[in-house]
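Chemist: coords please:
(chains A and B)
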There are 2 protein chains.
Amino acid sequence: MGKRSSGAPTLSDVAALAGVSPATASKALNGRGEVAAATRTRVLDAAEKLAFQPNALARSLVSGNSSTIGLLTSDSGGRFSIPVLLGAENALGDNQISVLLADARGDVIRERHYVRTLLAQQVAGLIVVGESSNRRASIGRDLAVPVVYAYAESTDPQDLSLLPDDRVGARMAVEHLHSVGRRKIAHITGPVDYRATRDRVTGLTEFLQEAGLPLAGREVRYGEWSQRWGRHAAEFVLNDDPDVDAIFCGSDQVAAGVTETLAARGVRVPDDIALVGFDNWEIFSSETSPPLTTVDMNLQRLGATAAQHLFAAIGGEKITGVQHLPCRLVIRDSSGGR
Amino acid sequence: MGKRSSGAPTLSDVAALAGVSPATASKALNGRGEVAAATRTRVLDAAEKLAFQPNALARSLVSGNSSTIGLLTSDSGGRFSIPVLLGAENALGDNQISVLLADARGDVIRERHYVRTLLAQQVAGLIVVGESSNRRASIGRDLAVPVVYAYAESTDPQDLSLLPDDRVGARMAVEHLHSVGRRKIAHITGPVDYRATRDRVTGLTEFLQEAGLPLAGREVRYGEWSQRWGRHAAEFVLNDDPDVDAIFCGSDQVAAGVTETLAARGVRVPDDIALVGFDNWEIFSSETSPPLTTVDMNLQRLGATAAQHLFAAIGGEKITGVQHLPCRLVIRDSSGGR
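Modeler: Residues are numbered from 1 along each chain as shown, chains lettered A, B, ... in the order given. The predicted structure follows:
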């Protein structure tokens, strides 16, 4: 991951000198009340010392005028884009930055059209959200405003792409199952052509190898992101390996289906089989019986980070490459872990 | 529902004279290829006869320049706003109109901010989507551009509000259960403070009275929009009235929970109890076992209609009041109706 800095001092330089985040530096400079007086003084001193000249978005933030960021998504369900949007808005402060969402539906022509539209609307930057976290074509290098890919990976290494760390997230799930005493852990997941699927399998496999455990349930069960697949795959796993004592599911939707099959067969969760999902998609994870221990991809935080990087890039500091942001484990009753 | 027309001829006048829809008139006038030659000639003749002078959005459509519409939502899950957005885009033709979504999160200050932002971006009109279809405050009468409320009802009768016809939708659900021979129909639904809940109960009650049937399951079971509530309420219904032969659920999420309880108690769907949901939210309705017969609110069509009304209003023809648009019944296996 490279890092380039232009000659002129940036908001990030001010923030670094003051020992605060760019967001805090911005708040201090535009006089919003959420910053402690001492911090504000430090930031103003740093800005003066560096002869900081805010520009573009930074200027509008400092002046208190509002700016607009475009969020270009192909995630028609809003499953990923809405949390990213909320996070970006929150990061940038109330009423300072507006985020407008445009839905390109995974269609290249529509996407180009929306990039033009958003640029014509004078957005200060663009966030691109994928319908999955798979690699996708860059929207281009020569745009007038900075771009950050969030829950999407651009094929151009000169772009900045932010992804949840699926590998470590999966590892946390399996470590948790191990820590509550499970040793026969099976895995039921989605399609193998999803990067998220493969990274989660990698995290699972790494941990099992380090712990000296074989994968239970005969093999990784690849399928669909659906309850139907969860129901069927649970039958396969239980028929092939009746001793399984835990199932790690690649999504909460799959875990909801697994829960149904376990209930139908009189298998108790978590007593007989502990269950962990992935997503913390609450219409599933809070609603299964029992509620689901699961891995949360922190999508709001991903959106907030994307906004902060946009902000830094507008201030002259451009980061490139791929960053993996941490997931967190949400423990509920299905794993017997609390 | 009133109707006002200014003196100057509007696109709708042209459309009416040519005997086509405003959308078709627009396509014909801006020379897009999707209109039959004879239709196009009729529209051009009508425009000439009326000395039609398109303005604002109409002009930009006719010229082929793109315009932008703002979609202001408080539906943070995207459950209602995304289908409305897709429908609005589709209605207005590829690459002619962009729809940008702003999420106000049900917060009045944030909403005002976004209205200002969208107006500053020179949107040609606004569509307001609710987090429910309950009545909500108008965003105001004196905006520079027309506004349509879609899946939301403005408290100002001078605004135009488009709602799904929940009452008739519920009636279709119960008529269907009646048509497949069910006579002991119970109802499990969401919170009573949702207008949608109440309208669905009204439709159910009207039909049962006309058919001379009592409501089964002792009483309407009001609760939450959740699987958990569906599971519990199904227990109550079966304990109080074991002869129930059908359950109409106020949402697919509730129906998913009901399905779980019926499976756990060995009740066969649809043989013993037929099930109908509401929403056609496919992550539930296509995924329950068996898949769910349900009422679809046609939200994409609602969005398309909102866009067409915006378009007509920009052309000078303003409609006010509340319009209820038809739902449709989607028949799957849970009702034994196919």
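
Chemist: Can you classify A:V269 by secondary structure?
Modeler: At A:V269 the chain is in coil, as set by DSSP: H, G, I helix; E, B strand; the rest coil.

Chemist: What of the one 3 residues further on?
Modeler: The three-state label given to A:D272 by three-state DSSP is coil.

Chemist: show me what contacts it?
Modeler: A:245, A:262 (C-beta atoms under 8 Å, 6 or more residues apart in numbering or on different chains). Heads up, the C-betas are built off the backbone N, CA and C, glycines and all.

Chemist: Look at the residue of chain A found nearest chain B and report its pLDDT.
Modeler: Per C-beta to the nearest C-beta, A:G78 is where chain A lies closest to chain B, at 2.5 Å. pLDDT recorded at A:G78 is 78.

Chemist: which ones are touching the nearest residue to it once chain neighbours are set aside?
Modeler: Setting aside the residues directly before and after it, A:G78 is nearest to B:G78 in space (C-beta to C-beta, 6 or more residues apart in numbering or on different chains), at 2.5 Å. Contacts here follow C-beta under 8 Å, 6+ apart; on that basis B:G78 touches A:77-79, A:81-82.

Chemist: How about the residues of the stretch 1-150 of chain A by chain B?
Modeler: Residues of the stretch 1-150 of chain A lying near chain B by C-beta under 8 Å from any C-beta of the partner chain: A:66, A:68, A:70, A:76-79, A:81-82, A:85-86, A:89, A:94-95, A:98-103, A:105, A:109-110, A:113-114, A:117-118, A:121.

Chemist: Please spell out the ChimeraX selection for the buried subset of those residues.
Modeler: Here is the ChimeraX command that selects the buried residues among the residues of the stretch 1-150 of chain A next to chain B (16 or more other C-beta atoms under 10 Å in any protein chain shown):
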select /A:66,68,70,76,77,78,79,81,82,85,86,89,95,98,99,100,101,102,103,110,113,114,117,118,121
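
Chemist: Where helices are concerned, which of the residues of the stretch 1-150 of chain A next to chain B count?
Modeler: In helices, defined here by DSSP state H, the members of those are A:81-82, A:85-86, A:89, A:109-110, A:113-114, A:117-118.

Chemist: For those residues, give me a markdown table that also has pLDDT.
Modeler: Below are these laid out as a markdown table (pLDDT from 0 to 100):
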| residue | pLDDT |
| --- | --- |
| A:S81 | 91 |
| A:I82 | 90 |
| A:L85 | 92 |
| A:L86 | 90 |
| A:E89 | 87 |
| A:I109 | 85 |
| A:R110 | 87 |
| A:H113 | 86 |
| A:Y114 | 90 |
| A:T117 | 86 |
| A:L118 | 89 |
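
Chemist: Where does A:A306 fall, secondary structure wise?
Modeler: Counting by DSSP states H and E, the element that carries A:A306 is helix A:299-314.

Chemist: any idea of the mean pLDDT in that helix?
Modeler: pLDDT averaged over helix A:299-314 gives 92.

Chemist: what about it and chain B, touching?
Modeler: No: using C-beta under 8 Å from any C-beta, we find that helix A:299-314 stays clear of chain B, coming within 11.1 Å at best.

Chemist: Right, I'll leave it there.
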